[in-house]
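1. just a sequence and a predicted model for now, questions to come.
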Amino acid sequence: MAKIDARIPEGPVAQKWTNYKKNQKLVNPANKRKLDIIVVGTGLAGAAAAASFGEMGFNVKIFTIQDSPRRAHSIAAQGGINAAKNYPNDGDSVNRLFSDTVKGGDYRAREANVYRLAEVSTSIIDQCVAQGVPFAREYGGLLDNRSFGGAQVSRTFYARGQTGQQLLLGAYQALMRQVNLKTVKLYTRNELVDIVLVDGKARGIISRDLVTGETQRHFGHAVVMATGGYGNTFFLSTNAMGSNGSAAWQAYKKGAMFANPCFAQIHPTCIPVHGEFQSKLTLMSESLRNDGRIWVPAKKEDAEAIRAGKLKPTDIAEENRDYFLERRYPAFGNLVPRDVASRAAKERCDAGFGVGTTGLAVYLDFKESIERLGKDVIEARYGNLFQMYEKIVDDNPYDTPMMIYPAIHYTMGGVWVDYELQTTIPGLFCAGEANFSDHGANRLGASALMQGLADGYFVLPYTVQNYLADDIKTPRMTGDEKEFVETEKAVKDRFEKIRNVNGNRSVDSIHKELGLVMWDFVGMARNKEGLQQAIEKIRAIKKEFWSNVRIPGDKEGMNIELEKANRLADFIEIGELMAIDALNREESCGGHFREEFQTEDGEAMRQDDKFAYVSCWEYKGDGQEPELHKEELKFEDVKLIQRNYK
Amino acid sequence: MEKNINITLKVWRQKNAREKGRFETYQVKDVSTGSSFLEMMDILNEQLINEGNEPVAFDHDCREGICGMCSLYINGRPHGPDDGVTTCQLHMRKFKDGDTIWIEPWRSAGFPVIKDLIVDRTAFDKIIASGGYVSVNTGGVPDANAIPIPKPDADEAMDAASCIGCGACVAACKNGSAMLFVSAKVSQLALLPQGKVEAARRAKNMVAKMDELGFGNCTNTGACEVECPKGISVAHIARLNREFLKAKVQD
């Protein structure tokens, strides 16, 4: 198992990052100019890292598949960003944020990384305010905070329901400032399609210009991937349509380990599915659970009458409502973590108490908050979310409760990285949602933004520099080296192969088929038999794809079906690995719920003696079983207990 | 309640930036009024692929009105007939059975067509690069609460910052002006103490870049505010003009 070494610095957990920085290597300004860094992805992690590298004096190339860096899916995060500022004086601290995150992740995250995340969280808020991010403020002019799931303090900073947008625009503007200063070169509508290794180190990428369809060779002394998660494996998710796992998958196929692929987060508050042509699911921010109460009818006949359209939610008397989160988890109530809230909603719907026409929905009700605080206050807090809901569902949530249901939202799993965020391929770094590192088996709300910016602004600028300090004598490559030429050829062959299938089915139709298998068997509740079936079904879908997909249009120029097909080919393989990992992990933890492992009252039951490890999968070739390696998790500062939100 | 409708689409098709485009007519049947407009486009594309034709290329991503990627000129209005929404938030319940719907790309000198309904909006990035930021590096900044900001200022800055950079304002403007877009950023940053330091210089540089990139002048028609999916106010243009004049006086 020599391959898995997290390289955690010495010392007590609170001193590790300080010790790392004290001992790390630096690159002097003259040498920085000679070093090139490729950053792939322009979300929070990628944009923040690229801007910071540029400011430091490195030469940066940054790539996005969108028409602008500002479109990255970080933009859609609504509720907020956590930081251990303790401005409200409610008992928060770096230690508290650290232990909440480890516990929230159901003890499947690496302590050292999580502590560092909590430690730098406070600097993130300072940085964003300095950039002109318009966070919500109190009348005294100081910053306002709200609460999020899994915490008993208010540590979430927010900008209305558009926090991700504002943080991303801050990072984007910092990035564009560097573009203007020519330290960063920006490539838009340009997709990473493979990674180039020279002597075992990442030395560049092959990208594809999505407008011309041409491939390009790009050299970098180091490559940083910040390409987001793979939630769209499920077809329907809250991710943007273009979000994909292909960059991470190319890294995996080139030798980077893929960690905990089965840890996918199902978000409890999404707008329910309405029909077969649904293209995506819309999230309603977790922040709504601050003021909204979740319920279903307490009587089955009432639920049936609502489904049949004979009763309205407002017809159900208070005593006939079951506020099931408040009932089951009195200490945290509606603010239990996402995995717990999602499963509780599923349990009620499966038991026949669900609402909506399909019975796959529960209510999120603001009546009491509106009475207590006034409509104005609720509108100021959540106005844009209420408007969004009304436009989609055609119901006014000020008058009638919202309907919500869980949906795939985020993937905690991802490319394995060590303490420096370096993958098992030297010189290849991975940040943000694309890596696995900080959230264990379940991410707490408002922690994705925190992690993306922590990685980008405050971790990679140190660790990548440490790596590059040994590379100051490595000359730039031209891209004509055989490794570049061969990798490019393999990419071209792959695209040709997809085009030449010339079958009968659209990319989306196959993707939807994959999504249904994933949701039914690798979704909120999993079991051995189902997962075995899923693996068979996914393999059949892979065969169907490679024998029956149809790609209209030309090789040259923009071909969106070809882009989608290339990503779907990877989603199918990711789905298979997710199922394999879920089958291997014979315990329930966080977002991974194995029906065989639950307590009498339906709570997740971990098997710490057997599974307190990160599963790291190594690619062994097409059609071969991947090899499992284990990174044992040691908990020195947080005690391993069953999570209790009661 | 939801029902199914049949519609006729007149869609702009254009192979690439060099070739001439044209309208094509398509029929789409049994579309649920609960579907979003882009889901209707998905249905059309599925139909086209199954007939062996090339699907219609259009920009879209988050499908929840925040990324700014979707565009489309629908029946003569950017983002279509509903108010305060992007195309991806538009639903088919806004249309009636038997309707004919005209779908075009953004049309503006600043936004050349790439393919079908997709246009090139990189000009917006260039404008931001010319000054749409606070010049601070990572690290070495004061505590977030060191400078109190009056809530009304923070709120107004947030109103301006809500811009999603979709380009509807430019598409709606008969002059093809990007003033609403530019003013939203200038105004957001000028309202905050962190951004005030560079406010005049920022206004001057961004306006100069906008002019250079071929966007037209503002003649106060107000069409941009009406079509802005985020309701950005033309009052920000007034603030931009003030900052711009300050810069000119200083010169």
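-> Done, it's in. It should be emphasised that the depicted structure is a prediction, and the values quoted were computed from it without experimental measurement.

2. nearest spatial neighbour of the closest residue to chain A within the stretch 101-250 of chain B, skipping sequence neighbours?
-> Nearest residue of the stretch 101-250 of chain B to chain A, counting by Cβ to the nearest Cβ: B:P148, 2.8 Å away. Backbone N, C-alpha and C define where each C-beta goes, glycine included. Spatially, and ignoring its direct neighbours in sequence, B:P148 is nearest to A:G141 (2.8 Å; Cβ to Cβ, 6 or more residues apart in numbering or on different chains).

3. got the contact list for the one you found?
-> B:148-151 (Cβ atoms under 8 Å, 6 or more residues apart in numbering or on different chains).

4. out of these, which end up buried?
-> Neighbour counting with 16 or more other Cβ atoms under 10 Å in any protein chain shown marks B:149, B:151 as buried within those.

5. among the contacts of A:G141, which are located in helices?
-> Among the contacts of A:G141, the ones falling in helices (DSSP state H) are B:K151.

6. need the contacts of A:G141 in CSV (columns: distance to A:A345 and pLDDT).
-> Formatted as CSV, these follow (distance: Cβ to Cβ, whole Å; pLDDT from 0 to 100):
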residue, distance to A:A345, pLDDT
B:P148, 41, 98
B:I149, 39, 98
B:P150, 41, 98
B:K151, 36, 97
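
7. which of the contacts of A:G141 lies closest to A:Q173?
-> Among those, B:I149 lies closest to A:Q173 (Cβ to Cβ), at 18.0 Å.

8. would you check that that closest one makes contact with B:P193?
-> Yes - because the distance of 6.4 Å satisfies Cβ atoms under 8 Å, B:I149 is recorded as touching B:P193.

9. any idea which element A:P261 lies in?
-> Following DSSP states H and E, one finds A:P261 outside all helices and strands.

10. what secondary structure does A:E390 sit in?
-> Look at A:E390: counting by DSSP: H, G, I helix; E, B strand; the rest coil, its state is helix.

11. for it, which non-adjacent residue is spatially closest?
-> Distances taken as Cβ to Cβ, 6+ apart place A:N396 nearest to A:E390, at 5.6 Å, with adjacent residues excluded.

12. domains of chain B?
-> B:4-114, B:122-250 (automatic domain parsing).

13. check contacts around the spatially most central residue of chain B.
-> By Cα atoms, centre = their mean, chain B has its centre lying nearest to B:C166, at 2.1 Å. Residues near B:C166 by Cβ under 8 Å, 6+ apart: B:68-71, B:79, B:86, B:229.

14. the residue nearest to B:P148 and A:T163: what is the separation?
-> Going from A:G141 to A:T163 by Cβ to Cβ, to the nearest Å gives 19 Å.

15. ditto for A:A48
-> According to Cβ to Cβ, A:A48 and A:T163 sit 15 Å apart.

16. which one of those two is surrounded by more residues?
-> A:A48 (37 against 26; other Cβ atoms under 10 Å in any protein chain shown).

17. so where does the more buried one fall, helix or strand?
-> Counting by DSSP H and E, A:A48 is found in helix A:44-56.

18. partners of the helix or strand following that helix in the sheet?
-> Downstream of helix A:44-56, the first helix or strand assigned by DSSP H and E is strand A:59-63. Using DSSP bridges, the strands paired with strand A:59-63 are strand A:36-40 (parallel), strand A:184-187 (parallel).

19. now do the shortest one: everything it contacts.
-> Surrounding strand A:184-187, the residues in contact under the criterion Cβ under 8 Å, 6+ apart are A:50-51, A:53-54, A:59-64, A:69, A:175-176, A:178-179, A:207, B:125.

20. same deal with the longest one?
-> Identification of contacts with strand A:36-40 by Cβ under 8 Å, 6+ apart yields A:46, A:49-50, A:53, A:58-63, A:192, A:204-205, A:218-227, A:247, A:464, A:468, A:476.

21. which residues touch B:I118?
-> B:I118 is in contact with A:558, B:57-59, B:71, B:105, counting by Cβ under 8 Å, 6+ apart.

22. apply 10 Å and report the result again.
-> A:67, A:189, A:211, A:558, A:560, B:14, B:56-60, B:69, B:71, B:105-106, B:111 (Cβ atoms under 10 Å, 6 or more residues apart in numbering or on different chains).

23. what of B:E104?
-> Contacts for B:E104 (Cβ under 10 Å, 6+ apart) come out as B:10-12, B:21, B:23, B:71-76, B:78, B:113, B:116-117, B:171.

24. ends of stretch A:322-333, what's the gap?
-> End-to-end distance of stretch A:322-333: 12 Å, with Cα to Cα, to the nearest Å as the criterion.

25. buried ones in it?
-> A:322-325, A:328-329, A:332-333.

26. what do you get for stretch A:114-123?
-> A:114-123.

27. chain B: which of those residues is nearest?
-> A:S123 (7.4 Å).

28. wait, that closest one sits on A:P461?
-> No - at 11.8 Å, A:S123 does not count as touching A:P461 under the criterion of Cβ atoms under 10 Å.

29. what touches both of the two?
-> Common neighbours of A:S123 and A:P461 (Cβ under 10 Å, 6+ apart) are B:138-139.

30. burial check on the residue nearest to A:K25 when sequence neighbours are not counted, number of neighbours?
-> Spatial nearest neighbour of A:K25, chain neighbours left out: A:A469 (3.5 Å); criterion: Cβ to Cβ, 6+ apart. Counted by other Cβ under 10 Å, the residues lying close to A:A469 total 15.

31. and B:L213, how close does it get to B:I128?
-> Distance from B:L213 to B:I128, by Cβ to Cβ: 12 Å.

32. surely B:V113 is in contact with B:D59?
-> No - under the criterion of Cβ under 10 Å, B:V113 is not in contact with B:D59, lying 11.4 Å apart.

33. more neighbours: which of these two?
-> B:D59 (28 against 21).

34. where does A:P9 fall, helix, sheet strand or coil?
-> coil.

35. can you pull the contacts of it?
-> Each residue near A:P9 by Cβ under 10 Å, 6+ apart is listed here: A:15-24, A:112, A:116, A:419-420.

36. would you point out the most distant pair within the buried residues of stretch A:322-333?
-> The distance between the two most remote of the buried residues of stretch A:322-333 (Cβ to Cβ) is 17.1 Å, for A:D322 and A:F332.

37. need the longest helix for chain B.
-> helix B:235-250.

38. give me the contacts around that one.
-> For helix B:235-250, contacts defined as Cβ under 10 Å, 6+ apart pick out B:156, B:159-160, B:163, B:177, B:179-191, B:196, B:198-208, B:218, B:220, B:222, B:224-225, B:233.

39. name the SS class of A:Q216, please.
-> Per three-state DSSP, A:Q216 ends up strand.

40. so it makes contact with A:D209?
-> Yes - counting by Cβ under 10 Å, A:Q216 does reach A:D209; the two are 6.3 Å apart.

41. report the set of residues contacting both of these two.
-> By Cβ under 10 Å, 6+ apart, A:Q216 and A:D209 have these common neighbours: A:187, A:190.

42. which residues of chain B fall in helices?
-> Under DSSP H, chain B gives helices at B:37-50, B:122-129, B:151-161, B:168-172, B:179-191, B:193-196, B:199-212, B:223-227, B:235-250.

43. please consider this matter closed, and thank you.
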